[in-house]
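S.K.: can't give you the sequence, but here's the structure:
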């Protein structure tokens with residue numbers, strides 16, 4: 001293996017343009033605003049080769065519960081030189097010993113396995129223009145007062161306190177909720193991302209409620225290009241295809257360390273995206 005000396009430095013705003021160029025090279029749909037969101041919620045490092053960004057990784061910590069490692073990219077001309085491992089070492093260091101999760105591509109899977117990650121599921125990416133649907137009558141747009149309940153429900157399903165992520169999503173997107181007996185029992189979020197909008201996270205007690213929450217967001221965006229990253233265990237993949245969102249790929253959900261949090265009656269049916277879980 002050829003070795004090269006790269007400078008590994010903290011990810012700053014001055015590196016976003018270079019990171020954007022890397023993600024475009026990798027075929028990712030991220031916009032500048034998507035990178036800005038990732039940096040606002042995470043810490044990261046970049047690899048520099050004569051001031052050019054040739055590698056990135058970010059660590060998004062959810063309080064003291066767990067962290068997701070994301071935005072792991074190595075310039076295609078720099079692969080095979082040990083750079084991916086150095087970036088991952090930095091990401092794990094930033095996680096400071098808490099449980100770590102990530103979504104692995106097929107190419108990255110061998111490295112992550114060597115670094116102690118184990119497979120825990122599959123993620124299925126669906127996207128496209130959905131067929132016209134009617135909004136379910138028992139779903140409504142969330143009000144600001146619902147956000148604390150949404151955060152608690154999300155924490156139970158995800159196993160970590162993601163209050164910062166929920167607040168950020170509310171500032172750039174919109175939540176819908178199902179309420180019963182005055183309490184929020186399910187929610188979905190939508191925000192701009194990539195080529196259009198992404199629906200997620202979607203958290204509910206059952207698949208019927210999850211479908212309603214997704215349909216409500218679809219009905220409000222009939223002309224928009226939509227993306228949903230669902231779990232293989234959700235059972236939603238074929239249903240999404242029927243509504244015009246084709247399966248275009250995905251990844252392997254992996255984790256290192258025990259799952260944080262306690263079991264919950266609520267379940268995550270769609271991710272915020274593959275970076276944030």
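M.R.: Sure thing, it's come through. Since this is a predicted model, take the numbers as computed values, not measurements.
S.K.: My read is that residue 199 contacts residue 192, right?
M.R.: No. Counting by C-beta atoms under 8 Å, residue 192 is not a contact partner of residue 199; they are 11.6 Å apart. C-beta: built from backbone N, CA, C; applies to glycine.
S.K.: Which one's more surrounded, the two?
M.R.: Neighbours per residue, other C-beta atoms under 10 Å: of residue 199 and residue 192, the larger number sits with residue 199, 31 against 15.
S.K.: Am I right that that one is in a helix?
M.R.: No. Using DSSP: H, G, I helix; E, B strand; the rest coil, the assignment for residue 199 is strand, not a helix.
S.K.: how much space between it and residue 207?
M.R.: Residue 199 sits 15 Å away from residue 207, taking C-beta to C-beta, to the nearest Å as the criterion.
S.K.: Now do stretch 202-222, average pLDDT.
M.R.: For stretch 202-222, mean pLDDT rounds to 96.
S.K.: which residues touch that stretch?
M.R.: Counting by C-beta atoms under 8 Å, 6 or more residues apart in numbering, stretch 202-222 makes contact with 130, 132-136, 138-139, 153-154, 157-158, 176, 178, 185-190, 197, 199, 226, 228, 234-236, 239-240, 243, 265-270, all of which sit outside it.
S.K.: buried subset of the residues you listed?
M.R.: 130, 133, 136, 139, 153-154, 157-158, 176, 178, 185-190, 197, 199, 226, 228, 234, 236, 239-240, 243, 266-270 (16 or more other C-beta atoms under 10 Å).
S.K.: need the strands for this protein, in chain order.
M.R.: 7-10, 43-49, 52-62, 66-74, 99-104, 118-128, 140-141, 174-180, 183-193, 196-204, 226-231, 246-256, 267-270 (DSSP state E).
S.K.: tell me the contacts of the residue nearest to residue 22 when sequence neighbours are not counted?
M.R.: Spatial nearest neighbour of residue 22, chain neighbours left out: residue 73 (4.7 Å); criterion: C-beta to C-beta, 6 or more residues apart in numbering. Each residue near residue 73 by C-beta under 8 Å, 6+ apart is listed here: 19, 22, 23, 26, 28, 55, 56, 57.
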